[in-house]
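K.L.:
I would like to see how this sequence folds:
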Amino acid sequence: MFDPEMEKAGAGPIWVRLPGLPYHFWTEQIFRKIGDAMDSYLTHDDSFISTGRMAYARILVHMDLIDGLPKYINI
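P.N.:
Model (predicted):
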């Protein structure tokens, strides 16, 4: 069984939710700035457009998971 507290992961792609990101910031340019600040932006999930879901934005980034997620990112 996978236990995220015990596993030591390396670098790889991960999906990151962006709850509370104002809708007017939901652009590829902003997603890219956030993803690149984390390490390396790969893409974003735009399925919310076709499904009407707008609870949160989601981006795929490649990053070293050992370093952890940043506490904040200036946009």
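
K.L.:
ok, residues contacting stretch 68-75?
P.N.:
Residues outside stretch 68-75 that contact it (Cβ atoms under 8 Å, 6 or more residues apart in numbering) are Val16, Phe25, Ile30, Lys33, Ile34, Ala37, Met38. Every residue, glycine included, has its C-beta placed from N, CA and C.

K.L.:
one more pass at 7 Å, please.
P.N.:
Residues from elsewhere that reach stretch 68-75 (Cβ atoms under 7 Å, 6 or more residues apart in numbering): Phe25, Ile30, Lys33, Ile34, Ala37, Met38.

K.L.:
which of these count as buried?
P.N.:
Using 16 or more other Cβ atoms under 10 Å as the burial test, those include Ile30, Lys33, Ile34, Met38 as buried.

K.L.:
got a list of what the first one touches?
P.N.:
Same thing as Ile30. Contacts of Ile30 by Cβ under 7 Å, 6+ apart are Ile75.

K.L.:
how much space between it and Asp46?
P.N.:
13 Å (Cβ to Cβ, to the nearest Å).

K.L.:
what ranges does the chain have for its helices?
P.N.:
Under the criterion DSSP state H, helices of the chain are mapped to 28-38, 47-51.

K.L.:
mean confidence for the last one?
P.N.:
Per-region confidence: helix 47-51 scores 60 on mean pLDDT.

K.L.:
what's the pLDDT at Pro4?
P.N.:
Listed pLDDT for Pro4 reads 60.

K.L.:
er, Glu7 actually
P.N.:
Note on Glu7: pLDDT of 61.

K.L.:
and what of Ile73?
P.N.:
Confidence score, pLDDT, at Ile73: 79.

K.L.:
so which of the helices of the chain comes closest to Met63?
P.N.:
Checking the helices of the chain against Met63 by Cβ to Cβ gives helix 28-38 as the closest, at 5.4 Å.

K.L.:
great, nothing more from me.
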